[in-house]
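Enquirer: Got a predicted model here, sequence first, then my questions.
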2 protein chains.
Amino acid sequence: MPASARSHMSQQHNDRSAIRTDVPDLPDLPDATVGRLPEYLRALHALADAGADVVSSEELAAAAGVNSAKLRKDLSYLRSNGTRGVGYDVTQLIEKIEHVLGLNQHRAVALVGVGNLGHALAGYAGFGSRGFHIAALFDADQARVGEWINGLAVRHTSQLAEVVAQEGISIAVIATPAHAAQSVADALVSCGVTSILNFAPCVLSVPENVDVRKVDLAIELQILSFHEHRKASLTALPSTLPSVLGQEAVGS
Amino acid sequence: MPASARSHMSQQHNDRSAIRTDVPDLPDLPDATVGRLPEYLRALHALADAGADVVSSEELAAAAGVNSAKLRKDLSYLRSNGTRGVGYDVTQLIEKIEHVLGLNQHRAVALVGVGNLGHALAGYAGFGSRGFHIAALFDADQARVGEWINGLAVRHTSQLAEVVAQEGISIAVIATPAHAAQSVADALVSCGVTSILNFAPCVLSVPENVDVRKVDLAIELQILSFHEHRKASLTALPSTLPSVLGQEAVGS
DNA sequence: CGCGATTTGTGCACGACTTCACAAGCGCCT
DNA sequence: AGGCGCTTGTGAAGTCGTGCACAAATCGCG
């Protein structure tokens, strides 16, 4: 849902003047599709670990929690090479998706703000296995600088430019308090960072060539709260209460 | 994006047979709107703290990072009472949104999985100020049981049913490893929990009356990686590089 | 008291995404 | 070789969401 994402797609409709990628010419994926590819990828890895060689769109869709038609359409954007009557080759599909997402190279990520949340993120093992590694930690608080987390030293934010350049970092995670987030973002942008994952509960202003995605825990809870509220209202006078009927997968 | 959310809306088109809420009859908000209300709320609180009494849709939209027409349309669903020529009354609007989201009552939340991430979430102060408080912590690991975090003791998951009933919990957060998430979800559901925020990288199967929202850090990064990949391809032969032109707010 | 400036609320058209339904293709079995 | 069952890939219809553009409403001021 990043509004920023739209800008890229809109400005090159169909002119294939700028094709000289190793990628066979990515055919302008819809935003919604890009948002689901990682989910497919995760499901595929799980299937591969379980020893599957091929999957049908039906199976994979179930594993990823989506409609199978949607899945097929999504994959068709990648010049998908499933074979009719059989399904998709798991390892081949994994490679294709990883390629499209640019996950071949392990991308270096900077993490700014080593508070409660930042600390946890720094220690999160899941990154490495999914195409990323945290290459540097920063904090504005001198008291935290020098601390070692998971084999990485916390540096002061004043060293940001230097380290980002040195490590070739283009993606950063902001896990600072809200009031510090904008200035951190500005600093990151001026260092050449072009993608930001923001955990601070605030809106960031960035140049249009920079992508921002936001994760706000309180917002997620508030959305759930709404549905909870709604459900509470409806159960006030239930005609037939369908307490525990069907187990049914719901998507992300 | 929660596929589960759709089910509620679809089954009551326009029959207002079941209106007896304290809410003047919530007029079936679109999903997309519900997803933005919390953002508006946060922006409004910020404005209120800054001493604003009224806001125009333009101002508030900017603060929330959205289009002003969209904002107005969203608010119109809430029987919005802005005054033309003036704007919206800040405190009044805050109360209305909080009411619609069901945030009047501080909702009790259970947190399952006190590992790296769970620990951070338990210590996150932002919840309390946003309408929630964590009422109980659980972990399956006996070694962690008994630990005190932020004034709350970690309990063993076997006590889940008991505590959830006692505290009147209907929302839970899953911060366990992926392999444990489904069984935790099952346990939560059978305790009566009807909303789950899932941080584990996996798809959960739940009955259709249960809402699940998912947050996956690796997925967010992979989406950014895609855009990064894309940008790298485009900058290969740039006509004019618009490095730092306009600062421009981008949305959630 | 009326006028102009301002801002909300919304009809409408457009675009994006989803879903259905089915033709096209592939492999297996006889 | 041919037919049959299965699964992909995709046209087309339907649904949802967005954003423009403007009428309606309110305030302040002369």
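Expert: Right, received. Where do you want to start? Numbering: from 1, shown residues only, chains lettered A, B, ... in the order given.
Enquirer: right, is the longest strand along chain A up against chain B?
Expert: Using DSSP state E to assign secondary structure, the strand with the most residues in chain A is strand A:132-139. Yes. Strand A:132-139 lies in contact with chain B when judged by Cβ under 8 Å from any Cβ of the partner chain; the contacting residues are A:Phe132. Placement of C-beta: from N, CA and C, glycine included.
Enquirer: Let me know the next secondary structure element after that strand.
Expert: Using DSSP states H and E, the helix or strand that follows strand A:132-139 in sequence is strand A:148-149.
Enquirer: I'd like to know which elements that next one is packed against.
Expert: The contact analysis (3 or more Cβ pairs under 8 Å, 6 or more residues apart in numbering or on different chains; DSSP states H and E) places strand A:148-149 against helix A:116-123.
Enquirer: next one: the helix it packs on to chain centre, how far?
Expert: In terms of Cα atoms, centre = their mean, to the nearest Å, the centre of helix A:116-123 is found 17 Å from the chain centre.
Enquirer: for it, packing partners?
Expert: Helices and strands in packing contact with helix A:116-123 are listed as strand A:107-112, strand A:132-139, strand A:148-149, helix B:116-123; criterion 3+ Cβ pairs under 8 Å, 6+ apart.
Enquirer: Give me the sheet partners of the first one and which way each runs.
Expert: Put plainly, it is strand A:107-112. As defined by DSSP bridges, the strand partners of strand A:107-112 come to strand A:132-139 (parallel), strand A:171-174 (parallel).
Enquirer: Specify the angle between the longest one and helix A:116-123 in degrees.
Expert: What that stands for is strand A:132-139. Our comparison of strand A:132-139 with helix A:116-123, counting by axes from the mean of the first three to the mean of the last three Cα atoms, to 10 degrees, yields an angle of 140 degrees.
Enquirer: Could you list the residues in contact with strand A:132-139?
Expert: When contacts are defined by Cβ atoms under 8 Å, 6 or more residues apart in numbering or on different chains, strand A:132-139 is touched by residues A:106-115, A:118, A:121-122, A:127, A:145, A:149-150, A:152-157, A:159-160, A:163-164, A:167, A:169, A:171, B:218, B:221, B:225.
Enquirer: ok, back up a step: flag every buried residue along the longest strand of chain A.
Expert: Within strand A:132-139, the residues scored as buried using 16 or more other Cβ atoms under 10 Å in any protein chain shown are A:132, A:134-139.
Enquirer: which of the residues you listed lies closest to DNA strand D?
Expert: Distance from DNA strand D was checked for each of the buried residues of strand A:132-139 by Cβ to the nearest atom of the strand. The minimum falls on A:Phe132, at 28.3 Å.
Enquirer: all strands for chain A, in order.
Expert: A:54-55, A:88-89, A:107-112, A:132-139, A:148-149, A:152-156, A:171-174, A:195-198, A:205-207, A:211-214, A:247-249.
Enquirer: quick one: which of those is nearest B:Gly102?
Expert: Shortest distance between B:Gly102 and these, using Cβ to Cβ, is found for strand A:211-214: 22.6 Å.
Enquirer: Do any residues in that closest one lie close to chain B?
Expert: Yes. In this structure, strand A:211-214 sits against chain B according to Cβ under 8 Å from any Cβ; the contacting residues are A:211-214.
Enquirer: hmm, back to that, right, so the strands of chain A: which one is the most enclosed?
Expert: strand A:171-174 (a mean of 26; mean count of other Cβ atoms under 10 Å in any protein chain shown).
Enquirer: End to end on stretch A:52-66, go ahead and measure it.
Expert: Its start and end residues considered, stretch A:52-66 measures 19 Å (Cα to Cα, to the nearest Å).
Enquirer: And the contacts of that stretch?
Expert: Under the criterion Cβ under 8 Å, 6+ apart, residues A:36, A:39-40, A:42-44, A:46-47, A:67-68, A:70-72, A:75, A:82, A:86-91, A:93, A:249-252, B:3, B:203 lie in contact with stretch A:52-66.
Enquirer: For DNA strand C, what is the nearest residue in the stretch 1-150 of chain A?
Expert: Of all residues in the stretch 1-150 of chain A, A:Gly85 sits closest to DNA strand C, at 2.7 Å by Cβ to the nearest atom of the strand.
Enquirer: Over to A:Val145: give its phi and psi.
Expert: When read as degrees, to the nearest 10, the backbone of A:Val145 gives phi -60, psi 130.
Enquirer: which ones are touching the closest residue to it other than its chain neighbours?
Expert: With Cβ to Cβ, 6 or more residues apart in numbering or on different chains as the measure, A:His156 is the residue that lies nearest to A:Val145, at 4.7 Å, once sequence neighbours are left out. A:His156 makes contacts with A:138-140, A:142, A:145, as judged by Cβ under 8 Å, 6+ apart.
Enquirer: Repeat that for A:Tyr40.
Expert: Contacts for A:Tyr40 (Cβ under 8 Å, 6+ apart) come out as A:60, A:64, A:71, A:74-75, A:93, A:97.
Enquirer: With distance to DNA strand C, pLDDT and neighbour count added, can I get these in TSV?
Expert: Listed next are the contacts of A:Tyr40 as TSV, based on distance: Cβ to the nearest atom of the strand, whole Å; pLDDT from 0 to 100; neighbours: other Cβ atoms under 10 Å in any protein chain shown:
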residue	distance to DNA strand C	pLDDT	neighbour count
A:Leu60	14	98	25
A:Ala64	12	98	26
A:Leu71	9	98	26
A:Asp74	7	97	25
A:Leu75	12	97	21
A:Leu93	16	97	24
A:Ile97	16	97	21
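Enquirer: Among those, which lie within helices?
Expert: Among these, DSSP state H puts A:60, A:64, A:71, A:74-75, A:93, A:97 in helices.
Enquirer: How about the residue nearest to A:Val145: which residues does it bridge to?
Expert: In this entry, A:His156 is beta-bridged to A:Asp139, by DSSP bridges.
Enquirer: thinking again about what came up before, which of the residues of strand A:211-214 next to chain B sits closest to A:His229?
Expert: Within the residues of strand A:211-214 next to chain B, proximity to A:His229 (Cβ to Cβ) peaks at A:Lys214, which comes in at 23.6 Å.
Enquirer: surely the closest one meets A:Val206?
Expert: No. Look at A:Lys214 against A:Val206 with Cβ atoms under 8 Å: they stay out of range, at 11.6 Å.
Enquirer: pLDDT below threshold where in the stretch 1-150 of chain A?
Expert: With pLDDT under 70 as the threshold, the stretch 1-150 of chain A has low-confidence stretches at A:1-27.
Enquirer: Would you mind naming what in it lies close to DNA strand D?
Expert: Proximity of the stretch 1-150 of chain A to DNA strand D is confined to A:3, A:55-58, A:68-69, A:72-73, A:75-76, A:80-88 under the rule Cβ under 7 Å from any atom of the strand.
Enquirer: Buried ones among the residues you listed?
Expert: Using 16+ other Cβ under 10 Å as the burial test, these include A:3, A:55-57, A:72, A:75, A:80, A:82, A:87-88 as buried.
Enquirer: one step back: now the longest strand of chain A - C-alpha only, CSV.
Expert: Listed in CSV are the C-alpha atoms of strand A:132-139, where the atom choice follows Å, rounded to 0.1, in the frame of the first residue of the first chain:
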residue,chain,number,x,y,z
PHE,A,132,19.1,-9.7,4.3
HIS,A,133,21.7,-9.1,6.9
ILE,A,134,21.9,-6.2,9.3
ALA,A,135,25.2,-4.5,8.5
ALA,A,136,25.2,-1.7,11.0
LEU,A,137,23.5,-0.4,14.1
PHE,A,138,23.1,3.2,15.1
ASP,A,139,21.7,5.1,18.0
